[in-house]
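>>> after the sequence you'll find the predicted model.
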Amino acid sequence: AFKEEIELMVTNGFTQEEIDAAKSGWLQSQEVTRSQDASLAGKMTNNLRLDRTMTWDKNFEEKVGKLTMSDINKAMAKHIKLDKMTYVKAGDFEKSDKTIKP
């Protein structure tokens, strides 16, 4: 099922509604992260290590906000290659429901 979904995404692309929801959710999560002291301290520490400022983050968020459906779908089709992906199943299949086959 996972492989089929990835293939559909590469073939058909994302809808505008899906992109709007994803961008909105991601941008909101960035704002929430900045409102939590521990997360903000981690972000600032990481920025120091990467020689970045919070302005870099602001600019990155603005760029994500400006991405179009076409931009995203072209990038996904260019970079996602099903024949180069590795699929892994993990778990204790002996204990799982016998009707589910690994």
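Sure, I can see it. Numbering: from 1, shown residues only.
>>> can you give me the helices for this structure?
2-12, 16-34, 37-49, 54-66, 69-79 (DSSP state H).
>>> got a list of what residue 32 touches?
Residue 32 sits next to no residue when contact means CB atoms under 8 Å, 6 or more residues apart in numbering. All C-beta atoms are positioned from the backbone trio N, CA, C, and that covers glycine.
>>> what's the spacing between the closest residue to residue 67 other than its chain neighbours and residue 64?
Nearest residue to residue 67 in three dimensions, chain neighbours excluded: residue 23, at 7.0 Å (CB to CB, 6 or more residues apart in numbering). The span separating residue 23 from residue 64 equals 6 Å under the rule CB to CB, to the nearest Å.
>>> please tell me the pLDDT value assigned to residue 76.
On the pLDDT scale, residue 76 is placed at 92.
>>> correction: the previous question concerned residue 97.
On pLDDT, residue 97 comes in at 62.
>>> now do residue 40
Residue 40 is assigned a pLDDT of 93 by the prediction.
>>> so where's this protein uncertain?
For the chain, residues meeting the criterion pLDDT under 70 lie at 96-102.
>>> tell me how many other residues crowd the closest residue to residue 44 other than its chain neighbours.
Spatial nearest neighbour of residue 44, chain neighbours left out: residue 54 (7.5 Å); criterion: CB to CB, 6+ apart. The number of residues packed near residue 54 is 12, by other CB atoms under 10 Å.
>>> residue 54 and residue 75, how far apart?
26 Å.
>>> same question for residue 27.
Residue 27 sits at a distance of 18 Å from residue 75 (criterion: CB to CB).
>>> also residue 91?
The gap separating residue 91 from residue 75 is 32 Å, by CB to CB.
>>> how about stretch 27-46 as CSV, C-alpha atoms only?
Taking C-alpha atoms only, stretch 27-46 is exported to CSV below (Å, rounded to 0.1, in the frame of the first residue of the first chain):
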residue,chain,number,x,y,z
LEU,A,27,4.3,26.7,9.4
GLN,A,28,2.1,26.5,12.5
SER,A,29,4.4,23.8,14.0
GLN,A,30,7.4,26.1,13.5
GLU,A,31,5.6,28.9,15.4
VAL,A,32,4.7,26.5,18.2
THR,A,33,8.3,25.3,18.4
ARG,A,34,9.5,28.8,18.8
SER,A,35,7.0,29.4,21.7
GLN,A,36,8.5,26.5,23.8
ASP,A,37,11.7,27.4,25.7
ALA,A,38,13.4,24.0,25.3
SER,A,39,12.7,23.8,21.6
LEU,A,40,13.8,27.4,21.0
ALA,A,41,17.0,26.9,23.0
GLY,A,42,17.7,23.7,20.8
LYS,A,43,17.0,25.7,17.6
MET,A,44,19.3,28.5,18.7
THR,A,45,22.0,26.0,19.6
ASN,A,46,21.7,24.2,16.3
